[in-house]
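In: Predicted model and sequence below, questions to follow.
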Amino acid sequence: HANDITSIYCGLDKKVSVKEGDTVKVGQAIGTIGEVPCEISLDPHLHFAMTIGGKWVDPLKTMGKVAE
């Protein structure tokens with residue numbers, strides 16, 4: 001992303017269809033859900049996070065999905 005924003009996807013299967021530096025469009029599939037080893041007893045799910053300048057931020061606020 002611009003402005004030193006980074007998206008982090010944890011829990012994707014190892015067969016990811018993009019690599020660092022690729023341009024990704026909204027709605028584009030980048031992979032499928034895999035397993036998080038430390039959460040193996042839970043149903044498969046995705047952890048999505050964002051950083052700005054290396055600091056963790058609220059992804060919903062960063063994407064303008066909730067009021068600040």
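Out: Here it is on my side, so go on.
In: So what touches the helix or strand hosting Ile8?
Out: Assigned by DSSP states H and E, Ile8 belongs to strand 5-10. Residues from elsewhere that reach strand 5-10 (Cβ atoms under 8 Å, 6 or more residues apart in numbering): 1, 30-31, 36, 46-52, 59, 62. Glycine gets a C-beta too; all of them are placed from N, C-alpha and C.
In: so the residue nearest in space to the middle of the chain bridges to which residues?
Out: Closest residue to the average C-alpha location of the chain: Tyr9 at 2.9 Å, with Cα atoms, centre = their mean. On the basis of DSSP bridges, Tyr9 is bridged to Phe48.
In: How much space separates it from Gly31?
Out: 7 Å (Cβ to Cβ, to the nearest Å).
In: what are the ranges of the strands in the protein?
Out: For the chain, the strands defined by DSSP state E occupy 5-10, 47-52, 55-57.
In: Just put these in JSON lines and tack on distance to Glu20.
Out: Formatted as JSON lines, the strands of the chain follow (distance: least, Cβ to Cβ, whole Å):
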{"stretch": "strand 5-10", "distance to Glu20": "10"}
{"stretch": "strand 47-52", "distance to Glu20": "14"}
{"stretch": "strand 55-57", "distance to Glu20": "19"}
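In: Sweet, I'm off.
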